[in-house]
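Q: How does the following fold in three dimensions:
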Amino acid sequence: MKILYLLKQDPDETLKRIMDEHRKANEVTVLDLRTEGDHGRIVELIASNDKVISW
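A: Numbering: from 1, shown residues only. This next block holds a predicted model:
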């Protein structure tokens with residue numbers, strides 16, 4: 001499964017542990033919305049992942 005994390009703030013320790021667990025069995029991409037300015041890339045990543053988690 002492909003999982004995309006969209007970050008609007010720094011992840012806390014709980015989220016870091018969850019992401020580490022997801023990485024064990026899934027393809028995980030982390031995108032920081034505070035620094036990513038390419039809206040086309042954001043839309044492409046959302047469309048191409050099975051699950052999107054916003055933080």
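
Q: Give me the residues contacting stretch 10-18.
A: 5, 19, 55 (Cβ atoms under 8 Å, 6 or more residues apart in numbering). Every residue, glycine included, has its C-beta placed from N, CA and C.

Q: Leaving aside the residues adjacent along the chain, what's closest to L4?
A: Nearest residue to L4 in three dimensions, chain neighbours excluded: N49, at 4.0 Å (Cβ to Cβ, 6 or more residues apart in numbering).

Q: Would you check how far apart that neighbour and T35 are?
A: Applying Cβ to Cβ, to the nearest Å, the value for N49 to T35 is 19 Å.

Q: which of these two has more neighbours?
A: N49 (19 against 7; other Cβ atoms under 10 Å).

Q: Could you list which residues are in contact with the more buried one?
A: 2-4, 29 are the contacts of N49 under Cβ under 8 Å, 6+ apart.

Q: What of L33?
A: 6-8, 42.

Q: Show me those residues that map onto strands.
A: Among these, the members found in strands (DSSP state E) are 6-7.

Q: Helix, strand or coil: sort out R34 for me.
A: Here R34 takes the coil state, with states given by DSSP: H, G, I helix; E, B strand; the rest coil.
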